[in-house]
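Student: sequence below, structure please.
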Amino acid sequence: MATTRSAHTVWEGNLLEGKGVVTFDSSGIGEQPVSWPSRAEQANGRTSPEELIAAAHSSCFSMALSHGLAGAGTPPTKLTTSADVTFQPGEGITGIHLTVEGTVPGLDGDAFAAAAEDAKKNCPVSQALTGTTITLTAKLA
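Tutor: Below is the predicted model of the structure:
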């Protein structure tokens, strides 16, 4: 069954001096302020589209890797994934780097790296972001 998740943003003002609030409608987890300076300069307590993409990508990748490892008979005990999304004003998103560290009993480093590459390629968020260069660092804890 297909699912749809929703969020909305209310923006006031122009790009450089305006501000907005992102509301997470589906989960009801709240609202987060967003602004151009939080995107192109320092966050200062506000989020950005790139941070939201990083959250989506790190969680999706972790789910895909966990599923792949379990399907191969080596379920992980723990996966810690970070996603760094680089935004260059005037160019856009120029790259995403995933870093994962895993505790996977019975698996060597090469097999873990291969499983991580497969998850990077096949997680739905990675597939949605195919126009962006995505790199990966994977290691066992």
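Student: helices of the chain, start to end?
Tutor: 36-40, 49-71, 109-122, 124-128 (DSSP state H).
Student: how far away is E50 from S126?
Tutor: To S126, E50 is 16 Å away according to Cβ to Cβ, to the nearest Å. All C-beta spots, glycine's among them, are computed from the backbone N, C-alpha and C.
Student: rewinding a little: wait, which of the helices of the chain is closest to A141?
Tutor: helix 109-122 (10.0 Å; Cβ to Cβ).
Student: ok, the residue minimising distance to the centre of the chain to D84 distance?
Tutor: With distances taken as Cα atoms, centre = their mean, H57 lies nearest the centre of the chain, 2.2 Å away. Applying Cβ to Cβ, the value for H57 to D84 is 10 Å.
Student: what do these two both touch?
Tutor: Residues touching both H57 and D84 by Cβ atoms under 8 Å, 6 or more residues apart in numbering: I96.
Student: picking that back up, distance to V22 added to the helices of the chain, as CSV?
Tutor: Shown next, in CSV, are the helices of the chain (distance: least, Cβ to Cβ, whole Å):
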stretch, distance to V22
helix 36-40, 11
helix 49-71, 7
helix 109-122, 26
helix 124-128, 17
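Student: can I get those helices in TSV with mean pLDDT?
Tutor: Putting these into TSV (pLDDT from 0 to 100) gives the following:
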stretch	mean pLDDT
helix 36-40	95
helix 49-71	98
helix 109-122	98
helix 124-128	97
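Student: distance of the nearest residue to P37 once chain neighbours are set aside from V34?
Tutor: Once flanking residues are discounted, P37 sits nearest to N44: 6.9 Å by Cβ to Cβ, 6 or more residues apart in numbering. Look at N44 and V34: by Cβ to Cβ, they are 11 Å apart.
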